[in-house]
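J.: sequence first, then the predicted structure, then my questions.
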Amino acid sequence: MAGELLALAGGVGGAKLVWGLSQVLPPEQLVVVVNTADDEEFHGLQVSPDLDTVMYTLAGLANPETGWGITGDTTTVLSALERLGAPAWFKLGDRDLATHIRRTELLRKGGTLSAVTAELCRALGVKQRIVPMTDNRVRTSLLTDQGVMAFQEYFVKHRCQPRVRDIMYEGADWASPSPAFEQALQEARAVVYCPSNPFLSLDPILEVLGVRRRLQQFSGPRIAVSPIVGGEAVKGPAAKLFKELGQEPSALAVARRMVGLCSVFVLDTVDQSLAQEVDALGMRAVVADTMMNTPEDKVRLAKQVCGLASPDA
Ligand code: GDP
């Protein structure tokens, strides 16, 4: 198969499918565009949680138990910082901190987030292109029953407990796609929407100036994998957010949000009964086992997705 596959991803769910794709495709055929609206500064350092989850996953360093950070990492520095009075609710391991120190230093020297991410990937031996959605500053904030919160405050400090009334992506209107994202939008043969949080990971990417329209007009196959399985999120607050924003969580509700953006919608076998309604939205519903618990699961789903992305599918 010639040409690149453009995968859009957030953190954990996205990284699982991206890992599968990395086992199936030659590295030069995979471009992963990652949400950066969760980025935040901690202890003076620039942290990009979703970029790092994808990068660590492809580098074979990811911690499968937490879903973030580096496996086997220690927290000596964080404990010392806490003793000095610094807030320590955002858990940063010692080796993970090295990534943020290096990122921050390279950014301060004038590098773009794209260039810095490419440098970090090169150093960690990641051959696939992992690309921030934009080199501009976009930040998710949430209007909750406890006031407006920055994303990490809501997600980590308050463990997604506050009720969400609205979600804002500050800066998205002015942000342009990163150069490699721009190029992939023009040249990729297919787009894959990974099973990532629709509100907190995929929407920020879609809200970057012009991206939604470009994806609506994209002429190749566009495949989405549902992050909602049996009416529940596999992990994280996606289902809770659907309810709080006034919709019943289901694969169908995810598909409704993808009208005009995807041509094929992959829903889990447990949601088979929704396939007809998904078809009626003007996309092809494909039923598959989308639960990625083992490496074999990830590779199997990635192979199916690549099959759907091929021109004769
Ligand atoms: P986060 O930034 O860590 O929350 O990660 P993501 O934005 O990538 O999304 C988490 C989403 O991925 C959740 O809505 C999960 O339901 C979904 N997810 C996680 N693992 C799986 C899986 O194995 N299969 C499917 N279909 N969805 C998954």
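T.: That came through fine.
J.: which stretches of the stretch 51-200 of the chain form strands?
T.: In the stretch 51-200 of the chain, the segments counted as strands under DSSP state E, counting those that start in this stretch are 129-132, 139-144, 147-150, 164-170, 190-193.
J.: nearest to Val305, of these?
T.: Comparison of the strands of the stretch 51-200 of the chain against Val305 by CB to CB identifies strand 190-193 as nearest, at 5.8 Å. All C-beta atoms are positioned from the backbone trio N, CA, C, and that covers glycine.
J.: next structured bit after that closest one?
T.: Once the chain leaves strand 190-193, the next helix or strand it forms, by DSSP states H and E, is helix 203-207.
J.: average pLDDT for that next one, rounded please.
T.: Average pLDDT, helix 203-207: 98.
J.: for the protein, which residue gets nearest to the ligand?
T.: Closest approach between the chain and the ligand, counting by CB to the nearest ligand atom: Gly13, at 2.1 Å.
J.: so who does that residue touch?
T.: Under the criterion of CB atoms under 8 Å, 6 or more residues apart in numbering, the neighbours of Gly13 are Cys194, Pro195, Ser196, Asn197, Ser201, Pro227, Val234, Lys235, Gly236.
J.: swap in Ile167?
T.: Applying CB under 8 Å, 6+ apart, the residues contacting Ile167 are Thr140, Ser141, Leu142, Leu143, Phe199, Leu200, Asp203, Leu241, Leu245.
J.: for the residue of the chain closest to the ligand, which non-adjacent residue is closest in space?
T.: The shortest distance from Gly13 to any residue other than its chain neighbours is 4.4 Å, reached at Pro195 (CB to CB, 6 or more residues apart in numbering).
J.: what pLDDT is listed against that neighbour?
T.: Model confidence at Pro195, expressed as pLDDT, equals 98.
J.: contacts only, for it.
T.: Under the criterion of CB under 8 Å, 6+ apart, the contact partners of Pro195 comprise Gly13, Gly14, Lys16, Leu17, Val225, Ser226, Pro227, Val234, Thr290.
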